[in-house]
Structure formats: C-alpha cells, structure tokens
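In: My questions concern the predicted model and sequence given below.
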2 protein chains.
Amino acid sequence: MRKNFITQLEELNIKLLKMGAMVQEIIDVSVKALAKQDIELARKVYEMDDEIDKIELEIEMDCMNLIALQQPMARDLRVIATVLKIITDLERMGDHAVNIAKVTLEIGDEPLVKPLIDIPKMAKLAQNMVRKSLNSFMKLDVMLAEEVAHDDEDVDLLYEYIYTELIDMMIDNPNIVKQATKLLFIGRYLERIADHATNIGERVIYIVTGENIEIN
Amino acid sequence: MRKNFITQLEELNIKLLKMGAMVQEIIDVSVKALAKQDIELARKVYEMDDEIDKIELEIEMDCMNLIALQQPMARDLRVIATVLKIITDLERMGDHAVNIAKVTLEIGDEPLVKPLIDIPKMAKLAQNMVRKSLNSFMKLDVMLAEEVAHDDEDVDLLYEYIYTELIDMMIDNPNIVKQATKLLFIGRYLERIADHATNIGERVIYIVTGENIEIN
C-alpha cells in the first residue's frame, strides 16, 4: 500500500512539473505576443490556458482519488493538500497570462507608447520563479523556496518602477492615458504571477518547517 | 458510516456559510473604509482577512480528513472537491478586499477626485453574488447559480463605465492621474471579486449538470 502510494505521488509530481512547464510557456508567449504585437500569438494564449485548466482538473481528481483510496497519514495529507493549492496558484498564473493577451488584443497594432524593456524582464523573472518554486517543492528545499521570495522583491521593484514611469508619462502626455493604463495593468498581472510563485515557495516552507508565513 | 458522512458534510456547509458571511463583510468594510476615508477601518480589513485565511485552512483540513476517513463515492468526492475550490475563491475575494484597503491607506486623506457612486454599487452587487452563489451550492440550485452569472454582467457594465469615466477624467486633467489610476484598480478588484462569485455559481452548475462552463 505504502509503496503504491509513493509511486502515485511520483506520478502526481510529474504531472505537476508538466503543468509548471506549461505555465512558464504561457507567461513567455503572452509577453512575446505583446512585444511583437502579434495577434495570432495572443489568441494562442487562450488555447494554452484551456490546456492548463484541463491538467489542473486532472491533477485535482488524482489528488482526491489518492486521498480516498490510500488514506494517507497526516504528513502525506499535508503534501497532497499543498499540491491542491499549488495547482490553484498555477492556474491563476494562466489566467493572468490570458489577461495580458486580452490587453494585447485591445492594443492591436496601435504603436506602443514606450519600448518594452522592464515588462519582458519581469516576465523572465516570473518564469524563473515558477521553475524554482516547483523545484523547491519537489526537493522540499527551503533555501530554494526562500530564493523565490527574494526574487519576488526584484519583481516588485520593477513593477514600482514601471508604475511610476507610466504615471509620469501620462501626466506629461494625457493622449497616452488609455494605452499607458493598459500597460500598467500588464505590470500588475506580472506582479501577481510572481506573487503566486511566492505563495508556492511559502507553502513549501510551511510543509517543511510548519512555519506559516503570510500567503497572499 | 454514511450517516456520519452526511453530518460531517452539514458541519462543513455551516463553516462554509460562515466563511461566506465573513467575505461579504470584508467587501462591505473595505469599500466603506474607502468611501469614508477611514484609515482605522481600512486597517481592520487586514485583520478580517487573517480570520478568513484561518477558516479557509480549517475547512481545507476538514475536507481532507473527510475524504481520508470516510472514503466518499465519486459524486460526494466531487462535492468535496467543489468545497475546496469554493474556499479558494472566497479566500481570493478577501485578498482583493485587502488590495482595496491598501489603496485606501495610500490615498489617505487626500480629497477623492470624484464622488463614489458606482464603486459602492459594485460592492453591493458583489456581496449579493457571494450570498447567492453559496446558497445555490447549498441547495444545488442551478437557476440561482445562473442568476449569479447574470449579476456578473451588471458588475462588468459598471466596471466598464467607471473605467471609461476615469480615463476621460485623466485625459482632461492629468493632475489626477495618480489617484484616478488607484480608483481604476479598485474597480478592477471588485470586478474580480464578482468573477470569483461567478466561478462558484459555475462550479454548482457543473456538479449538478456535469456541464463544464468556462471558469476563470
């Protein structure tokens, strides 16, 4: 029974890593579509998100069945509860990528009011955070999980920078208010994506140390 | 065993309704704090959110234990999986209320750039949606769940209205860009809260009809 449980848990982890890879890709594609103002690519983000929703449901049912059939002990139950939370965080990241794609479709081929430098930088950081946070879960590696929280500070700084820059640009030139607000929202979506990765890191710290850090 | 399961499920539902009431209150308080520019009240929102996080964890562990100890059949498992999703939606609403409180603290006692009319209206609608969506779950009432989706359209319209109004105001008067952007975000947070209530309604429709409507 116990051995079977471990095998099933390993299969669950593989699916979780797959979902994580899909989320890293959707973040990448959503920001690439924006930078290139590529409408087709932005539409692809919606399809990618459907796939993420599907794998989330699949993992969720796997977790339920694992609990019902294997009746895991307290600690294992906590690990499965964490998987259920992690997939919700990952799924939300997918939703935020869709939000980014939606804005890209709204902007269309209207010239961008500023060259995109920090937004792709935020996206890269966020993708890395997703990868790190899932690895920290697989290895129950607290130090790696803490690195994610550290990276989140960099993302927050970039967001603050973009925020201030865009507000100043709007004050100087009210004609750009509409698009600048849209870019502001994109900054916010990326900042939220990074928060969700941070949540995953904090959940890892929690299952290892029992220390409940504030999770947003 | 079966009887015990039903009793435990009823206890779970009572806790869920309690969490729902807490979420309705936090939405109410967060927007009241903004409208009255009441810093103390805005700070209270953070405490209220801590309580919501606590009850979420409690319900989550109850669900896990229920699954592990009672080994429910497929349909009951689906109900418990839905509870786990619903509490995540409710918890996110609490987070958005905190976001609103955060903006309120940032604005401080600086005079509001416009009288708040539609934002409190959105908040009232959203609170009602939370109540309705949870009732639809308790009664597995598809018609009530569909009403929530209908209400969401009203919230979306109000958000669009606020969005356009604030953008126009910023174009006319760049001096208000900073605060107007903050109010824009508040509109967005309320719109997201309503989306989460809609998710709950859609989950109810799903467990009753098996029809998987797009859930954001």
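Out: In hand now; what should we look at? On a predicted model such as this, the values are computed, not experimentally measured, just so you know.

In: Over to A:Glu146. Which of the three states is it?
Out: helix (DSSP: H, G, I helix; E, B strand; the rest coil).

In: Looks like A:Val155 contacts A:Lys124 (just checking).
Out: No. Using Cβ atoms under 8 Å, A:Val155 is not in contact with A:Lys124, being 10.1 Å away. (Each C-beta comes from the backbone N, C-alpha and C, glycine too.)

In: who has more neighbours, these two?
Out: Counted by other Cβ atoms under 10 Å in any protein chain shown, A:Val155 and A:Lys124 do not tie: A:Val155 has more neighbours, with 24 against 13.

In: show me the contacts for that one.
Out: A:122, A:125-126, A:129, A:190-191, A:194 (Cβ atoms under 8 Å, 6 or more residues apart in numbering or on different chains).

In: ok, 7 Å please
Out: A:122, A:125-126, A:191, A:194 (Cβ atoms under 7 Å, 6 or more residues apart in numbering or on different chains).

In: Same check on A:Leu16?
Out: When contacts are counted by Cβ under 7 Å, 6+ apart, A:Leu16 touches A:59, A:83, A:86, A:134.

In: Which of the residues you listed has the largest number of neighbours?
Out: So for these (other Cβ under 10 Å), the most neighbours sit at A:Leu134, 26 neighbours.

In: Which helix or strand contains that residue?
Out: According to DSSP states H and E, A:Leu134 maps onto helix A:118-139.

In: Pull out the buried positions in that helix.
Out: By 16 or more other Cβ atoms under 10 Å in any protein chain shown, the buried positions in helix A:118-139 come out as A:118-119, A:121-123, A:125-137.

In: Does A:Gln179 lie in a helix or a strand, and which?
Out: Per DSSP H and E: helix A:177-209 holds A:Gln179.

In: near chain B, anything from that helix?
Out: Yes. Helix A:177-209 is in contact with chain B by Cβ under 7 Å from any Cβ of the partner chain, via A:177-178, A:181, A:184.

In: if we can go back for a sec, which ones among the contacts of A:Leu16 are found in strands?
Out: When DSSP state E is applied, these are split such that none fall in strands.

In: what's near enough to touch A:Arg192?
Out: So A:Arg192 contacts A:His96 (Cβ under 7 Å, 6+ apart).

In: With adjacent residues omitted, what lies nearest to A:Asn13?
Out: Nearest residue to A:Asn13 in three dimensions, chain neighbours excluded: A:Met138, at 6.0 Å (Cβ to Cβ, 6 or more residues apart in numbering or on different chains).

In: Quick check, pLDDT for that neighbour.
Out: You'll see A:Met138 listed with a pLDDT of 95.

In: Dump stretch A:115-132 to PDB, keeping only the CA atoms.
Out: The C-alpha trace of stretch A:115-132 is given here as PDB (Å, rounded to 0.1, in the frame of the first residue of the first chain):
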ATOM      1  CA  PRO A 115       9.700  50.400 -25.800                       C
ATOM      2  CA  LEU A 116       9.100  47.300 -23.700                       C
ATOM      3  CA  ILE A 117      12.100  46.600 -21.600                       C
ATOM      4  CA  ASP A 118      11.000  46.100 -18.000                       C
ATOM      5  CA  ILE A 119       7.900  44.100 -18.800                       C
ATOM      6  CA  PRO A 120       9.800  41.300 -20.600                       C
ATOM      7  CA  LYS A 121      12.300  41.500 -17.700                       C
ATOM      8  CA  MET A 122       9.500  40.900 -15.200                       C
ATOM      9  CA  ALA A 123       8.200  38.100 -17.300                       C
ATOM     10  CA  LYS A 124      11.600  36.300 -17.300                       C
ATOM     11  CA  LEU A 125      12.000  36.700 -13.600                       C
ATOM     12  CA  ALA A 126       8.400  35.300 -13.000                       C
ATOM     13  CA  GLN A 127       9.100  32.300 -15.300                       C
ATOM     14  CA  ASN A 128      12.200  31.500 -13.300                       C
ATOM     15  CA  MET A 129      10.300  31.900 -10.000                       C
ATOM     16  CA  VAL A 130       7.800  29.300 -11.200                       C
ATOM     17  CA  ARG A 131      10.500  26.900 -12.100                       C
ATOM     18  CA  LYS A 132      12.400  27.400  -8.800                       C
END
